[in-house]
Structures are given as C-alpha cells and as structure tokens.
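> Please work out how this folds:
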Amino acid sequence: MAQTESRDLYAEAASAFQQGRLDEAEQNLRSAIAVEPNRPNLLGLLGLVLDAKKEYEQAEPFHQRALSLAPHSAGLWNNFGNHHLAQGNEDQAQSAFLQVLPIEPGHTNANLQLARIALSHNQGAEGLRYLDNLKPSDRADTAVQLLRARCLHSVGQPAAAMAIVDRLEKGAGGDARLAFSLGGALAEWGRYDRAEAAFSRALETDPANIDILHNVGLAALRAGHLDRAQNVFEIAVQQSPDDVESIFNLARVHAAKGDTETALVLLARARRLAPNRSDLLVYMAKMYEDAGFFSGAVDAYNEYLKLQPDDHTARRERGFTSCRLGRMKTGLPDLDWYVKQYPRDPVGHFELGLCETLGDTAQAFQQLDEALRVNPDFTSARQARGWLLGREGKWNEALPELKSVVEREPKNSMALLQLGRTYLELDRPAEAVGYLRRAQELAPEHRGVLMQLNRALRKLGQNQEAANVLDKFKTAAPDREALKASAQIFDYLGLDPAEQRERFRRNLTNALAASPADPELQVQMGALLLNDGKTEEALTVFTKVLKLSPGTPVLNLAATALVEHQQYGLAREFLTRLVSAGPSIDNRLELAVATFHTLGPEAGLAEVDKFPVANRNGDVYLLRAQILDALGRFADSAESLNAGFRLEPKRADLYFWASLFLLKHKKDQQALVLLEQATKILPDDADLLLTKAVVLELVRKTEEANDLLKKIQLRWPESGRCYLIQGIIEATHRKPEAALQSLRTAIALGEKTASAYYFLADVTRMARPEDNEGARQAISESLRLDPNDASSHALAGKIALEEEGPAKAVEQLKEAIRLRPDLAEAHYSLMIAYRKLGRANDAAAESDIFRRIREQNPQLEEDTAAIRQMLFGGDGPH
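Reported below is the predicted structural model:
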C-alpha cells in the first residue's frame, strides 16, 4: 500500500515539475522520500526540482544518494552533469557526462554537452567524435549542425564549417533563434559582415530584443560599419536608458569614430550606473589616458584595481600614467614593483626608464638599456635613450641611436626633430636642416621643430628663410604654462602631442558636464583657467569647490594651483582647512606664505612664530628671513637666513628670494654659494638654474654662465627666459647681432615681457642703427606692458634723440626722472636734448645733477647693470 502511494506521489511530483509548480513538486517528493528513502528515481527527481529552484547545495546530496543507489543509470548521471553545468562547474560536469557514455553511447544530451565542453577547451576534434556518437536523427538537428560547424572551424576546416552555415541559412526562413545562433558563430569566426547580416535578420523578427540589438551593434562595430553600430546602440539606449551594456557599447562606437569627448561622457554615465564594473573601469582608464586626461585615468585605474588587484598590467599602467600626471611618488613604486615581478617585459623597463628621466638619470639609462637588451627592436626605448643622451649633452652617442630610429620609422616626426637637433649640436647644420624639414612636413605647427629649423637655417646663413620660419613659430600659440621637464620626454616620444591640450580641455568640460559636483574636476578646470589667464573665472570655480566640502587631496591640489599663480587670498582658505585636517610642516608653511602675501608681514610673522622651534626646518627660517626683511629688520633677517642655510631648505621660491636678498645687499659671491647649494638639492628646478646663470654673470664667470644656459636649453628648449638672459649677456659683451637673435627667439617663445622688449629695443639700436622703426616699436611695447618703468622711458628718450626729436625726448626723459630721480642716464640724455633745443641753462643744470649722481654712485655704469635690472625689475626667473 505504501509503495502505491509513493508511486502516485512520484507521478504527481513529476507532473507538477513539468508544469513549473516547483514548490508542490518538492513537497510531494519529500513526502514520498520520507516513506521510501532509498528510491533512486524519487531522490533524482528531487535533485532536479531543487536545481530548477537554483538551490544547488540542497540538490547535490540527493543526486549523490540517487547515484549511490543506481550507479548504472544514464539518466541520473546525465542529471548530475546538468546540475554541475548549471553552477559553472565544467570539469565536474564533464566527469558526470563521461559516466553516461559507457551505459548509453548515443545519449543525446551527454554527447552534446561533452562536445560543447571540448570545443570550449579548443578541442574541436574531440567534439566531433562526440557528435559522431549521435543517432542520425539527432545529427540532423540545426543546433547539432551548428555545433558541428563550430568544431570543424576550430580544427582548421573553415570551408566545411561555412558550407554547413550556408545550408542552415538557406533553410532558416524566419527562424529568429537560428539567425541569432548563426550570427554568434560567424562573429566567433571573425566574419563580422555575415554576422551582422544574420543578427539583423533576427532583429527583423524581434526588433525590441535588447540582446539581439547588442549583437547586431557589436558585429557592425567589428565589421567597421560604425554608423550602423551607432544607430543600433542609440536605439538600444532609447529603449533602455539605464542599460549599462548599451551605453558602454555606444561609447565604444564613438571611440572608434575618434569622438573621444562623446565616448567619455557616455562612459561616465555608464560608470554612475555600474560603479563596480571592472571591464568598464579599465576601458575608461585607457580612454582617459589616450585623451591626455591623466588624472581621470589614474582615478579609473585605482577603482579598477580595487576590484581586480591581480591585474599587474593595469598596475603598471597606473604607475606610468601617474608619472605622466607628475605624481612621481605614487607612480614609481608601481613601476618598480612591476619590473621586479616581470624582469623580461621590456615595456615595464621602458616605462620606468621614461619616468626616471624626470629624476634619476642613471636609473633611467639602466632601465632603458634593460628594455633594449630584452628587445633590441624596441624603437620607442631607443628613441628615449637617444633623447636622454642628448639631454646630457652626449650628442655623439645619441646620433647612432636616433639614426636607427629614423631608419626604422621614417615618418616619426619627433625622432626626426631629435636627430636634426643632434646634428645641429654637433655643428653639422647642413645635415640637420634635411631632417628638420622632414619633421616640419609631418608636424608643420610643432613649435620645437620650427625653433630648431630656425636655428639651423641661421647657422647656414639662410636668414630670410629663417625669418619666415620664425614668423610661423609666432603664429603657433605658445603654451601658457611654463614648460616643465615632466612634459619633455613624453612630448618628444609623441606620447603627449601638443594637440592633446585642446582635447584635454574638451574632455574636462564634458566630464564636468557629466559630474558637476566632482570637486577634483572643478579644481582641474580652475587650474586650466588660471593657466589661460582667466583669473576671475578661475577664482569663481575655486570658490565653488570650497562649498563642495572637498577632501584633503583636493584641498591640496587647489591650494597648490592657487599658490603657483600667486592667488594667495583664496589659497589661504584652502590651506586653513588643510592645516585643520592635518597640521603638517609643509601645510603650515604654505599657510604662512599665503598669510604673509595676503595680510602682510606682521600677520605672516605671527603665523611663522607658531611653529615650535624644534620643528622649524630650513624653509621655515628662510620664510621668516623674508618676512623680517619686509619689516625692515635687516639684522634679524640675516640671522634667520644663516640659520636656514645650515638646515638645507627645500623650497625653490624661498631660495630665489634669498638669492635676491643677498644680491640686493651686494653679496654676489654669497648668492652664488647659496645657489650652488640650491641647485644640488633641487637639480630639476629651471628657475633656480636660470638664477644661477645670472649670478655667474654677475661675478664675471661668463663662460660658466653660458655653459649653464646651454644645458638649460637642452632640458627646456622652449624656455624663452633662457634666451632672454642669454641675449642680455651677449649684449653686455658687445655681441649685438647674436643678442638680437636671442631676444627675438625669447619673445617668439612667449617671453613677451616689458624687460624683453626693453632689451630688444636697446640691442636693435646697437645691431641695426638704421632700424629706428624697429627700436621704436619695441620700446613702445615695453612701455605698454609697464608704463611705470623709468629705464624704458629713458630709452624711449634716447631713441627720440637719435631720430632728431628732442622735444619728444624731453617728454620721455622727464617722465623717467619723475619715476626715478637718481637715474643718471636719463639726466645725461636730457642734458643733450636741452642742448639740441638751445636751452643751455637747463642743460647745465642736468649736467650738474648727472655729475653729482655719478660721484655718489661710482658703480652705476658697471657692465652687470642690465642683468641686475632684469632680476630686480620683477622679470627675473619665476
């Protein structure tokens, strides 16, 4: 009686299971098993029901108990295989299905699943053997035929595989499922045109099916049919605005079309919907990197690596991108770690070597050498090595490296530029010109190419063409930011071309549109506006940032940008918050600097004096010396200065002030000693090196000054300030023609300061006395830029005298004297002007004043006056 009841319960449970009433089926089976615990069919069916409910852990023991009772049941082994397959346990599923075949060799599902598993392991031949086990009627099934085609393709029989696909397509009719399956196989084989057509047929039958839309779009994307792909994914996004896959794929299409800006906006949208999707994050990081938006790339890599910490390539790229952003302290450890883990990967050594060029030159050479040892054909590493040799002045060693690169990559404009520059430095301008002209053909607006071509043409005496090139250079708008060494190597290797600056601007604008409340993006926009000279707009942006309650990293970024642009008032607000969050010495020092410049020396001194004496480093003492000097306390200032020197300060701006302090008090030699110390501690600070060159000239070490200027030009070839100083030194030593070229180059490089135009006017008088118009235009520009500069008014008076305009000269000279009553040269020129006007008494009076000033200041006419004027006139290195 009990057995009959359990049989009835089995039948009821099987019927409920087939109709999808899973809870009812489970209840009936558990009741039956309570009566007959050792019936395999009851146990096996309960395992199936629990699998259908995705309760796999509960199902497993029932499958196992059933098999222990009926180990020769093909059906039970097949069900156990399906149980493992549903959980993704492919190896265990394969073991179970293999138990089926000795019992029932032609079992349809077991053979099909074994064939699929074999194919997934790229074992197509084994898959074909399983398919051959099937009955002829089963082999004719379309799914089996398609699986056979895939196996044939995997064993190198594409023609046979395509013959099956062609046959299936002909008989497909309106079968959307078959069309979809065929599209999947064709896409798998790289036949994207055919795949797109197959998916499109499926879409005609079911146009709202999001899975089909995705596959049509992906096939079109891979087939290069970008407009079609864009249209399909746009439809998908319209149908499902929050479908991450559709948004992500639409971003891929825009990226393939070169529309980086739209792609990044879409990626940001997808990221908000799926912040923990790793494939999206790593793709986004690479897109940001390609667009030159390195901070966004680093952020995306950081989030990605939290999810995928074992992706060592991503860790390497995060390090490299951090270095390109200037974050060496965070970037180098990633790269160091990577090359230790993968010493045979040349890319790791190359990227580490590239980043080390910004700091440790010996390490840079070591890493680049290792990259080339592992892969001698790695042209990017060879080019970087050639660039680095040139930067070190080792032109003969650089030459073969760069020639090798150009031979392999004849259209590498940056390698051509480097090779041309190398020939130029080896005094082989005729050879240099050829390579530089080739570089110009490839990069007609590149400022570095135009500058070096101008130099080469001048050396060959082709002055008219050189002038034409310089005119082109002037139309290529200079970068508003001071050139930093960190940009140089990436620019020369073509990794960060100039055109990416505008792309970065657009990308940042779009990123802000997508995430307006992101404080780091707002800070980057503020810094960009400061660099563009749009100060009011920038300050508005930074004020918004304060309202967003930014964290410490953003506060630090904002304060740094504001201090660099001398916007101390707003910087002080950021720094006050920083000090509250973490009162480090550096933060407190920055706050003291901002307070000094904003509220005055008394408030600045009060802030500095809050530092415990035990915590005061060299920078603190130098800042205190600067503030005391502003208060007129010379003795106290000197004492603090000496205390600072003994503690080796680290801040370049304070070293610069200290050198000016010493020069102001006629302690030129001490200033040089200070700068020797400063440039050892901060060897990569261009402004300190330029100041040292100036001081070398002041102490009559002109040859050393010129050598240092050449080294600076090698590292910062677009530094207009370097050419300005060189021009002043050349003018001082009566080399007017060379000085004229240097000053014109300085101005073309963006050094459009009052000092630059003043010296250009003066040198034009010496080199081209007939060019009165050129001298007059230059001094007029100087006065426009700084109408309160007495020396410029005095020079304007001299030029007017030379043009036989004594009345106009008197006007300019009197203004010069009003601004600086002790300006001897103005009184002397005014004396001459009065004589030309017949005003003998006025001339005599000016003569007496001139003589008295000379007697009181016998050193006024020393030959270093011009360069001192530049330093103390506010146009010194900065």
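> does Arg177 count as helix, strand or coil?
helix (DSSP: H, G, I helix; E, B strand; the rest coil).
> and the gap between it and Gly183?
Note on Arg177: its distance to Gly183, by CB to CB, to the nearest Å, is 11 Å. (C-beta placed from N, C-alpha, C; glycine too.)
> and those two? which has more neighbours close in?
Remark: of Arg177 and Gly183, Gly183 carries more neighbours, 27 against 13, as counted by other CB atoms under 10 Å.
> To which secondary structure element is the more buried one assigned?
helix 176-188 (DSSP states H and E).
> Now name the helix or strand holding Leu641.
Using DSSP H and E, Leu641 falls in helix 634-646.
> Please identify the buried residues of that helix?
Within helix 634-646, the residues scored as buried using 16 or more other CB atoms under 10 Å are Ser637, Ala638, Ser640, Leu641, Ala643, Gly644, Phe645.
> Sketch out the low-pLDDT regions of the stretch 451-600 of the chain for me.
476-504, 507, 514 (pLDDT under 70).
> Not counting its own residues, what contacts the stretch of helix or strand Arg382 belongs to?
Element membership for Arg382, per DSSP H and E: helix 379-391. Helix 379-391 has contacts (CB atoms under 8 Å, 6 or more residues apart in numbering) with 346, 349-350, 353-354, 357, 361, 364-365, 368-369, 371-372, 375, 395, 397-398, 401-402, 404-405, 408-409, 412, 414-415, 418-419, 421-422, 425, 488-489, 492-493, 714-715.
> Name the next helix or strand following that helix along the chain.
Counting by DSSP H and E, what follows helix 379-391 is helix 395-408.
> what is the mean pLDDT for the helix holding Leu641?
Helix 634-646 shows a mean pLDDT of 85.
> Then stretch 742-761?
Rounded mean pLDDT across stretch 742-761 is 89.
> and the gap between the residue nearest to Ala439 when sequence neighbours are not counted and Arg437?
Nearest non-adjacent residue to Ala439, counting by CB to CB, 6 or more residues apart in numbering: Leu416, 3.8 Å away. Computed as CB to CB, the Leu416 to Arg437 distance reads 9 Å.
> what about those two, which has more around it?
Just comparing Leu416 and Arg437: by other CB under 10 Å the higher neighbour count belongs to Leu416, 26 against 16.
> Who are the contact partners of that one?
Val406, Tyr435, Leu436, Arg438, Ala439, Leu442.
> what helices or strands is the strand or helix carrying Pro61 leaning on?
Assessed by DSSP H and E, Pro61 sits inside helix 56-69. The contact analysis (3 or more CB pairs under 8 Å, 6 or more residues apart in numbering; DSSP states H and E) places helix 56-69 against helix 40-52, helix 74-86.
> chain center to whichever strand or helix holds Leu305, what's the gap?
Per DSSP H and E: Leu305 is located in helix 294-307. Relative to its chain's centre, helix 294-307 lies at 13 Å (CA atoms, centre = their mean, to the nearest Å).
> tell me what it is packed against?
Taking 3+ CB pairs under 8 Å, 6+ apart as the contact cut, helix 294-307 packs with helix 278-290, helix 312-325, helix 519-531.
> got TSV for those helices, with distance to Gln777 and mean neighbour count too?
Shown next, in TSV, are the helices and strands packed on helix 294-307 (distance: least, CB to CB, whole Å; neighbours: other CB atoms under 10 Å):
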stretch	distance to Gln777	mean neighbour count
helix 278-290	44	21
helix 312-325	41	23
helix 519-531	29	22
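> so how many other residues sit close to the residue nearest to Asp193 when sequence neighbours are not counted?
Closest residue to Asp193 apart from its sequence neighbours, by CB to CB, 6+ apart: Ala223 at 5.0 Å. Ala223 has 19 neighbours, counted by other CB under 10 Å.
> quick one: the strands in this structure?
In the chain, no strands are found when defined by DSSP state E.
> Run through the residues that contact the residue most central in space within it.
The residue lying closest to the centre of the chain (CA atoms, centre = their mean) is Phe294, at 3.3 Å. Under the criterion of CB under 8 Å, 6+ apart, the neighbours of Phe294 are Tyr288, Thr321, Ser322, Arg324, Leu325.
> From Ser295, how far out is the third one?
Looking back up the chat, that one is Ser322. 9 Å.
> Give me the below-cutoff pLDDT ranges for the stretch 751-878 of the chain.
858-878.
> whoops, I mixed them up, the stretch 251-400 of the chain
Ranges of the stretch 251-400 of the chain meeting pLDDT under 70: none found.
> And stretch 658-666, how far out from the chain middle?
That offset, for stretch 658-666, works out to 39 Å (CA atoms, centre = their mean).
> leaving aside the residues next to it on the chain, what's closest to Arg228?
Nearest to Arg228 is Ala220, by CB to CB, 6+ apart, at 4.2 Å.
> Could you double-check that the one you found lies in contact with Glu196?
Yes. Using CB atoms under 8 Å, Ala220 is in contact with Glu196, at 5.0 Å.
> Overlap of the contact sets of those two?
Common neighbours of Ala220 and Glu196 (CB under 8 Å, 6+ apart) are Arg228.
> And Phe656, how close does it get to Gln726?
For Phe656, the distance to Gln726 - CB to CB - is 19 Å.
> Settle it for me: which of those two has more neighbours?
Between Phe656 and Gln726, Gln726 has the larger neighbour count (other CB under 10 Å), namely 25 against 21.
> Now do the contacts for the more buried one.
Asn706, Leu709, Ser742.
> Also Leu9?
Asn28, Leu29, Ser31, Ala32.
> Closest to Asn617 out of those residues?
Leu29 (79.1 Å; CB to CB).
> Quick one: residues contacting the closest residue to Ala443 other than its chain neighbours.
Spatially, and ignoring its direct neighbours in sequence, Ala443 is nearest to Ser413 (4.2 Å; CB to CB, 6+ apart). Taking CB under 8 Å, 6+ apart, we find Ser413 in contact with Ala439, Leu442, Ala443, His446, Val449, Gly494.
> go on, His254?
Here His254 is in contact with Gln230, Thr260, Thr262, Ala263, Leu266 (CB under 8 Å, 6+ apart).
> Next one: the fourth one from Lys710, what distance?
Right, Ala263. For Ala263, the distance to Lys710 - CB to CB - is 44 Å.
> Please say which of those two ends up with more neighbours.
Ala263 (25 against 14).
> To what extent is the closest residue to Ile164 other than its chain neighbours buried, counted in neighbours?
Excluding the flanking residues, the one nearest Ile164 by CB to CB, 6+ apart is Ala149, at 3.9 Å. Neighbourhood size, Ala149 [other CB under 10 Å]: 25.
> ok, Ala149 - contacts?
Ala160, Ala161, Met162, Ile164, Val165, Leu168, Ala185.
> So among those residues, which ones count as buried?
Counted by 16+ other CB under 10 Å, the contacts of Ala149 give Ala161, Met162, Ile164, Val165, Leu168, Ala185 as buried.
> Tyr655 - how many residues pack around it?
With other CB under 10 Å as criterion, Tyr655 counts 28.
> For the closest residue to it other than its chain neighbours, give its distance to Ile728.
Nearest residue to Tyr655, sequence neighbours excluded (CB to CB, 6+ apart): Ala678, at 4.0 Å. Distance, Ala678 to Ile728, by CB to CB: 22 Å.
> Please apply the same query to Leu740.
12 Å.
> who has more neighbours, the two?
Remark: of Leu740 and Ile728, Ile728 carries more neighbours, 27 against 22, as counted by other CB under 10 Å.
> Glu351 is in contact with Arg318, isn't it?
No. Taking contacts as CB under 8 Å, Glu351 lies outside contact range of Arg318: 10.9 Å.
> Figure out how far stretch 333-342 is from the centre of its chain.
20 Å.
> which residues are contacting it?
Here stretch 333-342 makes contact (CB under 8 Å, 6+ apart) with 312, 315-316, 318-320, 322-323, 345, 348-349, 351-352, 355, 367, 370.
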